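Asker: What shape does this take:
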Amino acid sequence: LRAAILVGGIALILLILSNVYEDDYYGSSSATHSRSSNVISDGASASSSSTMLRGESHDSDNRAEQLEQQQERRESSNDSKNTMNVKANDAPDEDKEQNKALPHESSPFSLLNSPDAIKSLPACQAIRHDLPPSGSDSDHGISVTSEFDDSHPAIFTGWSPPAIQKWGDRGQFRNSFGSHAQYVKGRDVRPLKDKEGNQCKTTTRFLIDTMVKLFHKNNPSFEDTSNNDVIDNKKSNDGMDLLFFTNNVENPSFLKALSSDYSIPTPLANLDPFSNDGFQVFSAMERGSSHPFNFHDAAWLGQVAGSRLWFFLPPNTPKGVVGPKVNGCDYLLGRAPLPTGTTACVQNAGEVVYFPSEWLHATCALEPWSVGIGGQGGNPNIYDQNFENLQPQTKEATVVEEQQKMVECGVLSEKDFESMPSSIATKGNDPLAEKPNADDEKDWKWYDGDLNEYYNKLERDEHAKRDPNKITSYAVHRWMGPKPNHSTLIHYELVRQAIYELVLGQYAPPSQSHSKLRVFDAGCGLGAGLMWFGEHEQNWELVGHTISDEQHKWIVEDLPKHNFEAKLRTYDEPLEDGNVLPFNAVYSIEAAVHSPDLKNSLKAWSEALLPGGVIIIIDDFLSVGVHRDDPDVDLFARSWIATSVHTTVEIASWADQMGMPLVRDRDLGSEFQIIKRNYRNKVPELTDENGRVHQGWLGSKIRQKLMVEGKISYRLIALQKKGTVKKK
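Answerer: Coordinates of the predicted model:
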């Protein structure tokens with residue numbers, strides 16, 4: 001009898017303890033999710049969270065999973081309205097400290113650091129998963145069926161597509177994709193219309209510029225990068241807000257151009273909304289811009305640059321709970337009440353957010369140049385997004401025409417374009433900070449377009465720095481390549497490589513070959529290129545022209561003995577003075593831009609070539625969509641005496657008419673990361689730190705500015721004359 005009583009008592013105690021454990025484990029459903037999310041994302045209890053993510057089987061895990069399933073069944077039977085009223089910040093006391101801080105590392109320019117930002121947003125309930133490293137065994141990745149619950153929002157970390165490197169810099173993105181057409185859309189994600197009812201369209205480049213101008217208009221108190229209180233918390237952000245949001249249905253050429261730089265993460269690729277149907281989306285927002293609460297089919301978005309704040313509400317949340325549509329940043333900055341039951345998650349670059357169908361969501365761009373790429377189930381047509389397909393630009397509008405279009409569409413006024421800064425910086429600087437203007441032009445020494453005297457004075461100033469026995473001391477080009485091995489001689493290697501491949505039909509050998517070619521240096525400067533080729537290709541016959549007396553004097557009087565011929569004359573006359581033998585190749589490094597008429601120069605060089613010969617140019621080229629009347633481009637043209645600033649599209653068109661098709665176009669700026677390595681991603685002050693006043697130093701500063709802003713690019717192009725190559 002005593003034994004029976006003892007056993008019965010123990011059983012009763014165990015039953016009571018089991019019920020107590022079950023109630024304590026769940027508390028509120030939001031508290032449970034809050035604990036799991038914060039533990040995993042903050043890196044605490046690493047072994048247990050790793051076990052949960054990897055799906056390893058343990059008795060305690062199985063027990064917890066069974067209890068969670070029981071609770072979910074009980075909750076599903078409750079009235080949905082009661083479920084919606086559960087607040088994430090109703091978690092037990094031990095979780096309140098975690099709920100105050102979202103898992104993120106914000107930049108100094110993030111709205112999270114604004115003095116008005118709410119510090120106690122509800123905790124993120126999305127479970128975070130680590131994506132396997134690129135190229136790793138897929139068996140070590142996440143199993144969609146066993147570990148990834150696609151019925152709730154999730155965040156995948158460790159996403160590293162090429163887009164992060166290629167698109168993270170605003171200037172490089174504008175340079176690469178600036179010519180693509182875009183709709184000008186408001187916060188309802190529909191195209192604005194002009195007074196005549198036409199949908200407003202522009203280029204990618206001008207849309208990005210206008211978004212920044214709008215920021216200045218809506219936030220006139222913004223002054224510099226130290227002022228993070230950029231939005232007045234006393235009023236809602238009710239000004240004009242542009243959303244750069246498009247898809248591959250309305251803009252197939254743009255999304256196709258982006259497609260090679262990213263791919264959908266493996267855990268999501270096999271889900272029905274993305275594997276069978278669906279469409280691709282691109283999103284770029286300025287800091288403070290937002291997509292208000294909305295819902296649609298399942299979607300994913302990978303953050304490429306900047307960061308954004310997501311707000312989530314479960315499906316079937318009543319409209320009365322959601323409230324009126326407002327800018328999502330209003331919730332962060334205390335200008336609108338957060339709907340009951342909302343959870344908030346910060347998404348940083350390299351992270352992918354997924355949410356299933358019907359989940360309500362809103363976003364807030366936390367940093368300048370907040371860019372994402374992703375996909376969505378369904379078709380844009382069912383969301384009233386069936387707009388006419390955008391076609392690639394065939395005719396370039398002028399800057400004035402683009403500005404007038406923004407005025408007609410009600411985006412900006414004519415006065416806005418006069419009073420707002422035009423420069424766009426890149427990451428590393430706050431791109432919204434106004435950049436300093438150039439000093440008074442009277443402070444610079446100008447040479448009124450006299451290229452001879454321009455270079456004569458530069459050479460007299462710099463002559464003491466030259467060493468005739470060291471080519472790098474007078475090879476005056478942009479240096480390329482990473483430190484400490486960067487060099488200004490890479491240009492010659494690139495030219496040699498192109499000549500071998502296009503003229504000789506073979507890869508350039510490490511040492512000189514026995515091929516005999518005639519090569520013309522159009523704008524040989526101080527003779528560095530001729531000297532380099534003379535050392536590396538002793539069988540080549542080399543001729544160069546310069547119009548600078550001082551440069552020619554250096555070649556004739558200072559350089560060591562050499563086997564090339566340098567003449568003091570224009571490069572538009574390669575076959576004058578009895579030199580009637582045609583060339584196999586013409587190259588011009590940072591000199592073609594000085595041509596008074598580049599089309600005429602190309603014609604002269606083409607006529608001096610043998611059939612199959614090539615023209616190779618390394619220089620600055622105007623980006624498509626940027627026009628010669630741009631004030632910054634005009635200042636560059638005057639200070640650099642860059643009288644031939646053209647796009648490669650223009651040059652290719654001229655060359656086709658001459659029987660010289662474009663056969664090579666290399667973006668050296670991107671290939672050698674010049675903006676990052678040479679310019680440190682910065683727009684410079686238009687002053688010379690060494691007190692030099694030659695207009696060329698102003699030209700070098702404005703050239704850097706234009707390149708960082710994406711208005712010009714540094715490229716190698718090759719044109720090849722039709723006909724059979726004659727090899728010697």
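Asker: Which stretches in the stretch 151-300 of the chain count as helices?
Answerer: If you assign secondary structure with DSSP state H, counting those that start in this stretch, the helices in the stretch 151-300 of the chain sit at 163-167, 170-177, 204-218, 252-259, 266-269, 272-275.
Asker: So which residues of the stretch 101-250 of the chain form strands?
Answerer: Secondary structure of the stretch 101-250 of the chain (DSSP state E, counting those that start in this stretch): strands located at 127-130, 154-157, 181-183, 201-203, 244-247.
Asker: would TSV of the ones you listed with distance to Leu258, mean pLDDT and mean neighbour count be doable?
Answerer: Where you see a C-beta, it was placed from the backbone N, CA and C, and this is true even at glycine. Shown next, in TSV, are the strands of the stretch 101-250 of the chain (distance: least, Cβ to Cβ, whole Å; pLDDT from 0 to 100; neighbours: other Cβ atoms under 10 Å):
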stretch	distance to Leu258	mean pLDDT	mean neighbour count
strand 127-130	25	91	19
strand 154-157	20	95	21
strand 181-183	13	93	22
strand 201-203	15	91	21
strand 244-247	10	94	22
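Asker: Leu242 is nearest to which of the helices of the stretch 151-300 of the chain?
Answerer: Using Cβ to Cβ as the measure, helix 204-218 is the one of the helices of the stretch 151-300 of the chain that comes nearest Leu242, at 5.2 Å.
Asker: Can you tell me which of the helices of the stretch 151-300 of the chain is packed in deepest?
Answerer: Mean neighbour counts were taken over the helices of the stretch 151-300 of the chain using mean count of other Cβ atoms under 10 Å, and the top value, a mean of 25, falls to helix 170-177.
Asker: Please name every helix or strand in contact with that helix.
Answerer: helix 163-167, helix 204-218, helix 252-259, helix 668-671 (3 or more Cβ pairs under 8 Å, 6 or more residues apart in numbering; DSSP states H and E).
Asker: Redo these as JSON lines? Include mean pLDDT and distance to Pro265.
Answerer: Rendered in JSON lines, the data for these read as follows (pLDDT from 0 to 100; distance: least, Cβ to Cβ, whole Å):
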{"stretch": "helix 163-167", "mean pLDDT": "90", "distance to Pro265": "13"}
{"stretch": "helix 204-218", "mean pLDDT": "83", "distance to Pro265": "26"}
{"stretch": "helix 252-259", "mean pLDDT": "93", "distance to Pro265": "15"}
{"stretch": "helix 668-671", "mean pLDDT": "94", "distance to Pro265": "25"}
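Asker: for the chain, what's the longest strand?
Answerer: Longest strand of the chain, by residue count under DSSP state E: strand 609-622.
Asker: Name every sheet partner of that strand and say whether each one runs parallel or antiparallel.
Answerer: In the sheet containing strand 609-622, its partner strands are strand 583-589 (parallel), strand 712-720 (antiparallel), by DSSP bridges.
Asker: wait, which of the ones you listed is closest to Glu402?
Answerer: strand 712-720 (18.0 Å).
Asker: angle of that closest one against helix 170-177?
Answerer: With axes from the mean of the first three to the mean of the last three Cα atoms, to 10 degrees applied, the angle from strand 712-720 to helix 170-177 works out at 30 degrees.
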